[in-house]
Structures are given as structure tokens and as C-alpha cells.
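**Student:** Dropping the sequence and predicted coords here.
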Amino acid sequence: MRNLNPVIPATALIAAFSAMLLILVIAWIWSRESRIKSTFTLALRVAIVCLVLFIALRPMREEHGTDVKLSNLDVLFVLDTTLSMWAYDGSFGTRMEDARNDIGEIMDALPGANFGLITFQNKSTVLAPFTQDKDAVMRYLNSINIPDKSYAQGSRMDVPYYDIENMLISSDRKEDRHTVIFFLSDGEDTDPDPSSYSYEELGFMVDGGAVIGYGTTEGGEMLDMYGFRVYYDGTLEPGISRIDEGNLKNVASGLGLEYLHCSDKEGLKPILEEILEDSGTVTEKNNDLIFLGDTYFKYVPYLTGLLVLELLIGIRQNVRTRRIHGKKRKQKTE
């Protein structure tokens, strides 16, 4: 029954089939025709009933390795998750809340794309390889918590470099692939010489996107994972985090992307529109996908043939009966 999809419950079909067979057998027993002729009629009608039952059970066939049309767009999000991203100078509270909101809006604006997520602080992590399941990406995003301030040691903007490179290479190996990056950070860098690194060697594998900055020049205070205010070491002054747009523009220049502040929603729209215009679809073979295809239509011609035969026999019998009755009336008249 695994490859059957009955039009009504199978038990109801079998009950109706059994009732029809019983009626046909009773009609055959009570038939006044010759046994050979009545047996042929019974066999024909049983065959019709069996075919009707089989078609109503809707047999299906498993097909493996179905061709599917997919978007050729890979969208990689690189998200700064350092303690400074939890500063309270964002539009929705913290900078992290702004970044989560922006990632959700970008995914909604690029339906059907494959999304990947890299997070970084003092280490980089590929949190989600490229996937079309944007709900899974959002679950990963919502699982990110404030880092422990004893563990948080700041970050360099090049910490995710090698994870970005590996993700770009994996995308570049696919045929007819369009790869874009959205790098989301406040730009704060603990390295005394941020100009000592560059993303220029990765720029040739990037087809679009943007570097998006979070925070303000005035800065914002931070709370730790326990809800307490963060202070500078050895002082009673609250820790203030400020956006460093110079570092962010340096990353954007290396990747060949435009830099935008998160408040510039109008500047993001043309970037997303251009990405959509440049992207398309590709046909790929998915060997893991099992497709169930209908096969009942193959038996319809046989059913039609039997029904036509039954009709012709009925017409022939009706004509013959009329002739016999006509002869009898003629004999009575004479």
C-alpha cells in the first residue's frame, strides 16, 4: 500500500468491490442465457470492476533523482557577535537586534536564494552552510547570546577571512552561481594596525552585496550576559562602544562592495534590486529527492476498451431481442 494513494479510503473501495462482485455472481447464477455466454459476460464485467478498483486505488511509482529548478543565488551573511554588538544604540535596542532584523529583511527580499551564516568574535564559526531553509538561519541567529565578558577579547575584522574564503570557493565551484556577501559589524577592532590586512584577494569571487555598519559615533553602553553594566577594566566608568566606519569601509573596499550604515534603508534597496536582476535559476539533479508519479492513467485505455466491448455486446443483444419480438408480433398478426 506504500505506493497507493486511493481516491477514497481503501477499506471503502474494497467493500464496494466485494458488493459489486457479489451482484455479478448472483446475476450470473440467475441468468437464463447459455452458460458459455453468461460466463463470458461475467468475466468481462469482473474485469471492468477490477480495473475500476485498481484505478481508484491510484497506483504511483517512485522516481529518484528528479530535476529541480533552484535559484543560482548564494547569499553569505558575515555577522560580528562581539560584546560591542550588544551596545544599546540601535534602532531596536541593541546593535545585534538591528542586525538580526536586517538579515531577516534581506532574506525576505531574495526569495529562493541559498543562505549561509558566519559569525565571529575572537574566533570565526560557520553557523549555517548554504541552505534554502531561511527559518533555520533565523533559528541560528536567535540562538546567539551575549558573550561572557571574561571570554570576550575583542576582535579583528579579518578573523572570519578563511571561513569566508572557503564558503566563496564552495559557491564558486558550482556552475552558473551568483555569490553575494553582507558583512554586518560595528567595525570595532582591537588590532592596533587594521590596515595590516585586506580582503582584496577575495573580491574576485564576490558578485555583490554590502558592508553594513551598526552603532553610532556617540556610542552606547553594554550589558553583560547577566544584565549588569559593563565597565572599563580597573575603572568605574561604564564601557562605551562606538562604531568605527573606517574599518568597515576598508573591508568594503577589499571585497569591492558598497558601505552602508544600517539606518540607510533607501541605499540598500537598489543593491537588492540589482542582485535580483543579475540572479536566475539553474536546473540541478537532486538524487535524494523521491518523487511519486501517477500511473493510473496507463490503465484507462484498457478500461475504455472493455467498456466499449460491453456497450457493443449490449447493443447487439438489444437489436437481436427487438428482431425476435418483431417476428413474434408478425406471426400473431398473421
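**Tutor:** That came through, no problem. Fair warning: this is a prediction, and the values are worked out from it, not measured in the lab.

**Student:** hey, let's count contacts and neighbours off CA atoms from now on
**Tutor:** OK.

**Student:** which element is the closest residue to residue 258 other than its chain neighbours on?
**Tutor:** Once flanking residues are discounted, residue 258 sits nearest to residue 210: 5.1 Å by C-alpha to C-alpha, 6 or more residues apart in numbering. Per DSSP states H and E: residue 210 is located in strand 209-213.

**Student:** I'd like to know which elements that strand is packed against.
**Tutor:** strand 178-185, helix 245-255, strand 258-261, helix 265-278 (3 or more C-alpha pairs under 8 Å, 6 or more residues apart in numbering; DSSP states H and E).

**Student:** Which is the succeeding secondary structure element to it?
**Tutor:** Following strand 209-213 in sequence, per DSSP H and E, is strand 220-221.

**Student:** What helices and strands are in contact with that next one?
**Tutor:** strand 240-241.

**Student:** Confirm for me that residue 216 is in contact with residue 261.
**Tutor:** No. If you go by C-alpha atoms under 8 Å, residue 216 and residue 261 don't touch, sitting 9.5 Å apart.

**Student:** For this protein, which segments are assigned as helices?
**Tutor:** Using DSSP state H, the helices of the chain run over 10-30, 35-56, 95-109, 134-142, 161-172, 245-255, 265-278, 300-333.

**Student:** Any chance of CSV for those helices, columns mean pLDDT, distance to residue 198 and mean neighbour count?
**Tutor:** Formatted as CSV, these follow (pLDDT from 0 to 100; distance: least, C-alpha to C-alpha, whole Å; neighbours: other C-alpha atoms under 10 Å):
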stretch, mean pLDDT, distance to residue 198, mean neighbour count
helix 10-30, 85, 67, 13
helix 35-56, 83, 66, 16
helix 95-109, 95, 23, 18
helix 134-142, 92, 27, 15
helix 161-172, 94, 9, 17
helix 245-255, 93, 6, 21
helix 265-278, 91, 23, 13
helix 300-333, 75, 68, 12
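
**Student:** Could you export those as a markdown table, including distance to residue 190?
**Tutor:** Below are the helices of the chain laid out as a markdown table (distance: least, C-alpha to C-alpha, whole Å):
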| stretch | distance to residue 190 |
| --- | --- |
| helix 10-30 | 69 |
| helix 35-56 | 71 |
| helix 95-109 | 18 |
| helix 134-142 | 24 |
| helix 161-172 | 16 |
| helix 245-255 | 11 |
| helix 265-278 | 28 |
| helix 300-333 | 74 |
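
**Student:** what's the closest of those to residue 120?
**Tutor:** The stretch from these with the least distance to residue 120 (C-alpha to C-alpha) is helix 161-172; that distance is 9.8 Å.

**Student:** Tell me the helices and strands packed up against the closest one.
**Tutor:** strand 124-131, strand 178-185.

**Student:** pLDDT weak spots in the stretch 151-300 of the chain?
**Tutor:** Regions of the stretch 151-300 of the chain meeting the criterion pLDDT under 70 cover residues 151-155, 191-197, 232-236, 281-293.

**Student:** Give me the domain ranges for this structure.
**Tutor:** As given by automatic domain parsing, the domain ranges for the chain are 10-59+295-333, 68-286.

**Student:** quick one: residue 78 from residue 147, how far?
**Tutor:** 17 Å (C-alpha to C-alpha, to the nearest Å).

**Student:** hang on, I meant residue 97
**Tutor:** Residue 97 sits 15 Å away from residue 147, going by C-alpha to C-alpha.

**Student:** In CSV, list the helices and strands packed on helix 161-172 along with distance to residue 305 and mean neighbour count.
**Tutor:** Listed next are the helices and strands packed on helix 161-172 as CSV, based on distance: least, C-alpha to C-alpha, whole Å; neighbours: other C-alpha atoms under 10 Å:
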stretch, distance to residue 305, mean neighbour count
strand 124-131, 50, 17
strand 178-185, 54, 24
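
**Student:** what would those look like in CSV with distance to residue 21?
**Tutor:** What follows is these, written out as CSV (distance: least, C-alpha to C-alpha, whole Å):
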stretch, distance to residue 21
strand 124-131, 54
strand 178-185, 62
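
**Student:** Tell me which of those sits nearest to residue 172.
**Tutor:** Nearest to residue 172, of the helices and strands packed on helix 161-172 and by C-alpha to C-alpha, is strand 178-185 at 7.7 Å.

**Student:** Walk me through which strands the closest one pairs with, and which way each runs.
**Tutor:** strand 73-80 (parallel), strand 209-213 (parallel) (DSSP bridges).

**Student:** how about the domains of the chain in JSON lines, adding distance to residue 3?
**Tutor:** Formatted as JSON lines, those follow (distance: least, C-alpha to C-alpha, whole Å):
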{"stretch": "domain 10-59+295-333", "distance to residue 3": "6"}
{"stretch": "domain 68-286", "distance to residue 3": "21"}
